[in-house]
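Novice: Model the following, please.
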Amino acid sequence: MNLNSTLKFLCCNRFSQGLVLSVFAAFSFMNANAQDLTEKQLARINRSEMNVERAQLVVTRLNDRLAIADSLYTLGSEGWDEHSTQIKSLTSEMKAKAKEYKSERKSIERKLKSRSKEEVNAAKAELKLFDSKFKDAFRKDDAQLKAHIREANKASKDWNKGRSMRKDASRRLKDAEKNLEIAQRELESVRAETTGELADSPNSKRK
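Specialist: Model (predicted):
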């Protein structure tokens with residue numbers, strides 16, 4: 001007698017109807033347990049995957065922060081080199097102009113000792129014009145010098161900030177990468193364990 005005939009016989013027999021219900025209830029219970037086990041396995045995998053994603057996000061953010069730190073460090077270093085060079089050059093030029101100014105002014109001042117009133121007045125006018133030109137030139141050089149000093153100070157701050165950020169980000173990145181490796185190993189372990197459980201499950205054996 002095959003399975004269909006057996007079921008028909010059991011269903012037709014009033015005494016055996018209770019047995020049929022008991023058999024179906026047993027199969028339903030086994031299937032429910034298998035379904036619950038699968039959901040638990042999926043939940044474990046999902047939690048492990050989320051842990052990996054979180055750890056990867058931290059690593060990504062720290063890598064971005066490290067890139068910003070490197071950029072600040074590099075720009076600060078380059079800016080300092082550029083503006084400090086300009087400061088040295090301008091300072092040297094201003095010293096040379098000041099020396100030249102003193103020399104030329106002395107030459108004009110000698111004319112003030114002339115006995116001729118006209119020559120003295122002309123020397124005074126020349127001296128006034130000479131001082132005015134020098135002051136204008138000095139003010140321009142001084143403005144440029146102050147601008148380069150401000151930029152050099154800003155570059156120095158960027159360099160220090162970049163160095164500090166890079167040191168902090170590098171330290172934190174090492175820990176984050178370790179945490180990511182741990183999370184990845186845990187995910188691999190959970191997947192391997194889950195695969196083994198599925199292979200040993202009653203559903204897998206019946207298949």
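
Novice: Can you check the pLDDT for the spatially most central residue of the chain?
Specialist: Central residue of the chain (Cα atoms, centre = their mean): Arg65, 1.7 Å from the mean position. On pLDDT, Arg65 comes in at 96.

Novice: Kindly provide the distance from it to Lys161.
Specialist: Distance, Arg65 to Lys161, using Cβ to Cβ, to the nearest Å: 12 Å. C-beta coordinates here come from the backbone N, C-alpha and C atoms, glycine included.

Novice: now swap in Ser132 and tell me
Specialist: Ser132 is 44 Å from Lys161, by Cβ to Cβ.

Novice: The two: which is more packed in?
Specialist: Each of Ser132 and Lys161 has its neighbours counted (other Cβ atoms under 10 Å); Lys161 has more, 15 against 10.

Novice: Could you find the closest non-adjacent residue to that one?
Specialist: Leu72 (5.5 Å; Cβ to Cβ, 6 or more residues apart in numbering).

Novice: circling back to that earlier point, now for the residue nearest to the centre of the chain: which residues touch it?
Specialist: 165, 169 (Cβ atoms under 8 Å, 6 or more residues apart in numbering).

Novice: what's downstream of the helix or strand harbouring it, the next helix or strand?
Specialist: Arg65 belongs to helix 14-111 when assigned by DSSP states H and E. Downstream of helix 14-111, the next assigned helix or strand under DSSP H and E is helix 117-200.

Novice: Next, the angle from that next one to helix 14-111.
Specialist: 170 degrees (axes from the mean of the first three to the mean of the last three Cα atoms, to 10 degrees).

Novice: what about the closest residue in space to Asp131 that isn't next to it in sequence, how many neighbours?
Specialist: In space, and not counting its chain neighbours, Asp131 is closest to Arg105: 7.6 Å by Cβ to Cβ, 6+ apart. Arg105 is flanked by 14 other residues according to other Cβ under 10 Å.

Novice: show me the contacts for Arg105.
Specialist: 127, 130-131.

Novice: Likewise for Phe134?
Specialist: Phe134 neighbours (Cβ under 8 Å, 6+ apart): 97, 101.

Novice: pretty sure Ser170 contacts Leu66?
Specialist: Yes - using Cβ atoms under 8 Å, Ser170 is in contact with Leu66, at 6.5 Å.

Novice: which one of the two has more residues nearby?
Specialist: The neighbour comparison of Ser170 against Leu66 (other Cβ under 10 Å) goes to Leu66, with 17 against 13.

Novice: picking that back up, for the residue nearest to Asp131, report the pLDDT, please.
Specialist: So Arg105 comes in at 91 (pLDDT).

Novice: before we move on, what about Ser5?
Specialist: 52.

Novice: just Arg191 next, same as before
Specialist: 86.

Novice: Quick one: neighbours of it, just the number.
Specialist: For Arg191, the neighbour count with other Cβ under 10 Å is 15.

Novice: how close does it sit to Leu42?
Specialist: Relative to Leu42, and taking Cβ to Cβ, Arg191 is found at 11 Å.

Novice: again, but for Ile149
Specialist: 64 Å.

Novice: any low-confidence regions in the chain?
Specialist: Per-residue confidence of the chain (counting by pLDDT under 70) places the weak regions at 1-37, 196-207.

Novice: Let's see that with 50 instead.
Specialist: 1-4, 6-37, 199, 202-207 (pLDDT under 50).
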